[in-house]
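*Asks:* Fold the following for me, if possible:
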Amino acid sequence: MRNQVQLITYVDRLGGGGFAELRRLLAGPLAGLFGGVHALPFFHAIDGADAGFDPIDHTRVDPRLGDWSHVEALSADVPVMADLIVNHVSADSPQFRDFSVRGAASPYAELFLTAERVFPHGASDTELQKIFRPRPGLPFTEVTLANGEPRRLWTTFTPQQLDIDVRSPAGAAYLTSILQQFQRSGITMIRLDAAGYAVKRPGTSCFMLPETYEFISDLTAQARALGMEVLVEIHSYHRDQIAIARRVDRVYDFALPPLVLHALFNRTARGLKSWLAISPRNCLTVLDTHDGIGIVDVGADPADRAGRPGLIPPVELDPLVERIHANSRGQSRQATGAAAHNLDLYQVNCTYYDALGRDDRAYLTARALQFFAPGVPQVYYAGLLAAHNDMALLARSKVGRDINRPHFTAAGIDAALARPVVRALCELICFRNTHPAFAGEFAVGATPDHQLQLAWRAGAQHATLDVDLAQSSARLAATRADGTVETRDLLAGL
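*Replies:* Coordinates of the predicted model:
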């Protein structure tokens, strides 16, 4: 992966077209901004129960976006990341339809995880209460197969998303077939989606078990052998992220988004500084993604192992969430928790721009902090364009995360790119992509809690960001090619 800002986007929601339109945008209005693109699920079908994260056929491009030749053409222009949805497949998949008709005689019979396979002698109430999932209730769905047989299928997320038995030969073959298709199409990096839930064992939380780490390590080795880097997507306790980072190429810094909000809201960088001292260096930094703003990532260990504390104390975590709701004028509350059909227990659904009350100065400061934090920055397409909450889409779909999954036409992109805050963000992206200091060493300066100094140095080249949270100011000092130093107010003109 290039040490440059990466784009995260749905192929059909940025410009309204498919892969050909995305290529045009990256060569035109967005030229020079991104060193890679994470194309969110583009498989058949992109409009299922979870915006493509419930693939019917993970080895087929949705024909509305193009085909594998279009993916290969994009990958010839810029490195492309694709999702390997590890934990589940759609109930409309040909594999499940075959299993539904043929039952145990189907070659896919072992692909789908049943409650009985994990609990062959039944499960006690204590065992069931230990299971961790991002929704309320138990992760099982009672179904009657087409042949009349009843099954109790494991469904971690929704009844439409059927969990795979990743440790079965059928599960391993399924994942291998996807990896091989990715390799043939020029994909150079994969994101393991929902990997933390992939392995289940009775008497445990069925989340991030020792066996899960082994599974991630084995799958990573398989991908690397095919020439692909691996990013693991897990919302979890921050110490778990550090442990996972030792086993894979990249992890997300999901703690950064709420910590930046906490710093800006409370005018103290104490928590952010503590995290930057220990955060994985092989991470991708984000402020927003296709999901919400994670809360579990900065909270105490949900498994309460030895009472491990979080990065933000509980007494400050609830006010952080309430501040997001207030800044968004209550819109995020309508998209989060019981208000939405996809009840999320660990995140707040809101655009990052609205989480900051549409404050251009605060928003650019947040992006500067992201770009100076250790790791490779990723910018979500809605964040790139400083998008507002899409309340119309939320009203139509009733899916909470759709508040932050807008559709931009070509004209809408042009209008957004003309806004001062977006122009300033694009300039900052270009700076992050081209300054040589970011190939060097990172340091956090010793400053009072209301100030934050992040610095990068590579030989004689250096770049420093100074943020005063009390004064709401952000200044950049960086060497030019001739060795002189340029100092500027990042927020001038906003």
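
*Asks:* rest of the way, CA atoms for contacts and neighbours
*Replies:* Will do.

*Asks:* what stretches of the chain score poorly on pLDDT?
*Replies:* Low-confidence segments of the chain (pLDDT under 70): 303-306, 338-345.

*Asks:* Identify the residues contacting the residue nearest the centre of it.
*Replies:* In the chain, the centroid-proximal residue (C-alpha atoms, centre = their mean) is T289; its distance is 5.0 Å. Contacts for T289 (C-alpha atoms under 8 Å, 6 or more residues apart in numbering) come out as I8, V379, Y380.

*Asks:* Now for the closest residue to S69 other than its chain neighbours, how many residues are close by?
*Replies:* Of all residues not flanking S69 in the chain, S185 sits nearest, at 7.1 Å (C-alpha to C-alpha, 6 or more residues apart in numbering). Neighbour count of S185, defined by other C-alpha atoms under 10 Å: 19.

*Asks:* so who does S185 touch?
*Replies:* If you count contacts by C-alpha under 8 Å, 6+ apart, S185 has them with W68, S69, V71, E72, S75.

*Asks:* And it, how close does it get to T59?
*Replies:* S185 is 11 Å from T59, where distance means C-alpha to C-alpha, to the nearest Å.

*Asks:* now L138
*Replies:* Taking C-alpha to C-alpha as the measure, L138 falls 30 Å from T59.

*Asks:* Which one's more surrounded, these two?
*Replies:* T59 (18 against 14).

*Asks:* my guess is the more buried one meets Q181, correct?
*Replies:* Yes. Taking contacts as C-alpha atoms under 8 Å, T59 lies within contact range of Q181: 6.5 Å.

*Asks:* so how far is L256 from the closest residue to D354 other than its chain neighbours?
*Replies:* Nearest residue to D354, sequence neighbours excluded (C-alpha to C-alpha, 6+ apart): S328, at 5.2 Å. Per C-alpha to C-alpha, S328 is found 20 Å from L256.

*Asks:* of those two, who's got more company?
*Replies:* Per other C-alpha under 10 Å, whichever of S328 and L256 has more neighbours is L256, with 26 against 22.

*Asks:* check contacts around that one.
*Replies:* Residues in contact with L256 (C-alpha under 8 Å, 6+ apart) are L272, T285, V286, L287, Q370.

*Asks:* ok, those vs D54, which is closest?
*Replies:* Using C-alpha to C-alpha, V286 comes nearest to D54 of these, at 23.3 Å.

*Asks:* quick one: that closest one and D253 touch, right?
*Replies:* Yes. With contacts counted by C-alpha under 8 Å, V286 reaches D253, the gap being 6.6 Å.

*Asks:* Show me which of the two is the more surrounded one.
*Replies:* Between V286 and D253, D253 has the larger neighbour count (other C-alpha under 10 Å), namely 29 against 25.

*Asks:* Give me the phi and psi angles of the more buried one.
*Replies:* Phi and psi for D253, reported as degrees, to the nearest 10, are phi -90, psi 80.

*Asks:* For it, give the beta-bridge partners.
*Replies:* T285 (DSSP bridges).

*Asks:* Correct me if wrong: it contacts R281.
*Replies:* No. If you go by C-alpha under 8 Å, D253 and R281 don't touch, sitting 9.4 Å apart.

*Asks:* residue boundaries of the helices in the stretch 351-494 of the chain?
*Replies:* For the stretch 351-494 of the chain, the helices defined by DSSP state H, counting those that start in this stretch occupy 352-355, 360-372, 381-384, 391-397, 410-417, 420-434.

*Asks:* tell me the angle the longest one makes with helix 360-372.
*Replies:* If you take axes from the mean of the first three to the mean of the last three C-alpha atoms, to 10 degrees, helix 420-434 sits at 10 degrees to helix 360-372.

*Asks:* Give me the residues contacting helix 420-434.
*Replies:* Counting by C-alpha under 8 Å, 6+ apart, 3-5, 32-35, 360, 364, 367-368, 371, 384-386, 416-417, 438, 493-494 sit against helix 420-434.

*Asks:* Let me know how buried R281 is, in neighbour terms.
*Replies:* 18.

*Asks:* how about it, secondary structure?
*Replies:* Under DSSP: H, G, I helix; E, B strand; the rest coil, R281 falls in the coil class.

*Asks:* Please name the residues that touch it.
*Replies:* P374, G375.

*Asks:* Quick check: it vs L369, distance?
*Replies:* For R281, the distance to L369 - C-alpha to C-alpha - is 15 Å.

*Asks:* now do D193
*Replies:* As judged by C-alpha to C-alpha, D193 and L369 stand 26 Å apart.

*Asks:* picking up where we left off before, can you lay out the helices of the stretch 351-494 of the chain as a markdown table showing mean neighbour count and distance to L219?
*Replies:* Shown next, in a markdown table, are the helices of the stretch 351-494 of the chain (neighbours: other C-alpha atoms under 10 Å; distance: least, C-alpha to C-alpha, whole Å):
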| stretch | mean neighbour count | distance to L219 |
| --- | --- | --- |
| helix 352-355 | 26 | 33 |
| helix 360-372 | 22 | 29 |
| helix 381-384 | 24 | 29 |
| helix 391-397 | 15 | 35 |
| helix 410-417 | 15 | 38 |
| helix 420-434 | 18 | 31 |
